[in-house]
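Enquirer: The following comprises the amino acid sequence and a computationally predicted model.
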Amino acid sequence: MMNLNPDTLKLPQRELAGQADKPILRLEAIRKVYGKHVVLDDLNLTLRSGEVVAIIGPSGSGKSTLLRCINMLGPATSGRVVVGDLAIDESIPPTAQQLTSLRRSVGMVFQSFNLFPHMSVLRNVSLPQERVLGRSRKDADKRSRELLARVGLAEKADQYPARCSGGQQQRIAIARALALDPQIMLFDEPTSALDPELGLEVLLVMQELARSGMTMLVVTHEMNFAETVSDRVIIMADGKIIEEGPSKEVMRDPQTDRAKRFLKAVKDR
Ligand SMILES: Nc1ncnc2c1ncn2[C@@H]1O[C@H](COP(=O)(O)OP(=O)(O)OP(=O)(O)O)[C@@H](O)[C@H]1O
């Protein structure tokens with residue numbers, strides 16, 4: 001079986017020159033409270049254009065909640081999310097225009113694929129483009145076929161999702177998110193519902209996406225991904241970022257306090 005081996009699949013240094021300082025996503029003092037339970041505790045985070053950041057941490061540390069705040073699927077209690085030129089105060093209901101801009105700018109891939117079972121694969125990828133971007137069906141279908149080819153599924157376009165494996169369905173979900181030409185892609189444990197072999201297909205697509213320069217924020221338990229594909233690793237616990245740093249530093253040197261905390265966070269899951 002193929003493997004995401006750090007030595008065989010190490011990416012060439014991606015070209016970030018010229019954009020390295022440009023923040024594309026800024027989270028400012030994000031706080032999320034359920035009753036007395038503080039799930040996100042004044043969290044700050046900045047992603048630069050083209051950066052791939054892996055978030056790891058024990059169950060219940062707030063990783064999914066954070067992603068859901070970024071695209072307002074579950075707004076934070078307070079704080080600000082800035083995506084490119086769009087700034088959203090999480091404590092105020094967004095306008096329809098803000099929400100549309102956000103949905104265009106931020107693509108999201110979930111653990112479950114959430115494809116429409118009664119629509120063909122092609123239609124699943126085309127429909128959001130028509131609804132959100134106002135593309136014609138012809139243009140949307142053309143773009144969908146390009147993206148399905150990019151995720152290795154050109155031949156599945158006219159089939160129904162039920163005829164596709166879990167790994168294929170997740171790759172379709174990635175194509176669907178990419179079809180809106182997002183500035184950032186969020187992934188919430190995209191492989192955890194899949195057998196390792198099918199998960200690998202998805203990871204390889206994500207690796208290709210990272211290589212192409214897409215800005216990505218990825219909640220994952222895939223240590224190989226965090227080590228070989230991401231530029232930076234963030235460790236969350238109790239709604240806070242307890243550690244962060246370049247992947248190689250965090251993942252490679254088991255002697256540092258940082259790495260020990262990281263390993264404990266993963267073991268505690
Ligand atoms: N709707 C809700 N109402 C109350 N508490 C919630 C709600 N959604 C999440 N929580 C709590 O928020 C905390 C963080 O949950 P979250 O799903 O973000 O964690 P996580 O780090 O993604 O965990 P996992 O790795 O298990 O998915 C948990 O304690 C959870 O019980």
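Expert: Now that the structure is in, tell me what you want to look at.
Enquirer: Mind giving me the packing neighbours of the host helix or strand of R176?
Expert: If you go by DSSP states H and E, R176 is part of helix 166-178. On a contact count with 3 or more Cβ pairs under 8 Å, 6 or more residues apart in numbering; DSSP states H and E, helix 166-178 meets strand 106-109, helix 121-128, helix 137-150, strand 184-188, helix 196-211. Placement of C-beta: from N, CA and C, glycine included.
Enquirer: Which positions within the longest one qualify as buried?
Expert: If I follow you right, that is helix 196-211. 198-207, 209-210 (16 or more other Cβ atoms under 10 Å).
Enquirer: Out of these, flag the one nearest to the ligand.
Expert: For the buried residues of helix 196-211, the residue nearest the ligand by Cβ to the nearest ligand atom is G199; the value is 15.9 Å.
Enquirer: Would you mind confirming that that closest one is in contact with E222?
Expert: Yes - contact criterion Cβ atoms under 8 Å: G199 and E222 qualify, at 7.4 Å.
Enquirer: who touches both of the two?
Expert: Common contact partners of G199 and E222 (Cβ atoms under 8 Å, 6 or more residues apart in numbering): T191.
Enquirer: okay, the residue lying closest to S64 once chain neighbours are set aside: pLDDT?
Expert: Leaving aside its chain neighbours, S64 sits nearest to D188 (5.4 Å; criterion: Cβ to Cβ, 6 or more residues apart in numbering). pLDDT recorded at D188 is 96.
Enquirer: neighbours of D188, just the number please.
Expert: For D188, the neighbour count with other Cβ atoms under 10 Å is 20.
Enquirer: Next: L217.
Expert: Per other Cβ under 10 Å, the neighbour tally for L217 reads 26.
Enquirer: pretty sure it is touching V53, no?
Expert: Yes - if you go by Cβ under 8 Å, L217 and V53 touch, sitting 5.2 Å apart.
Enquirer: list residues touching both of the two?
Expert: L47.
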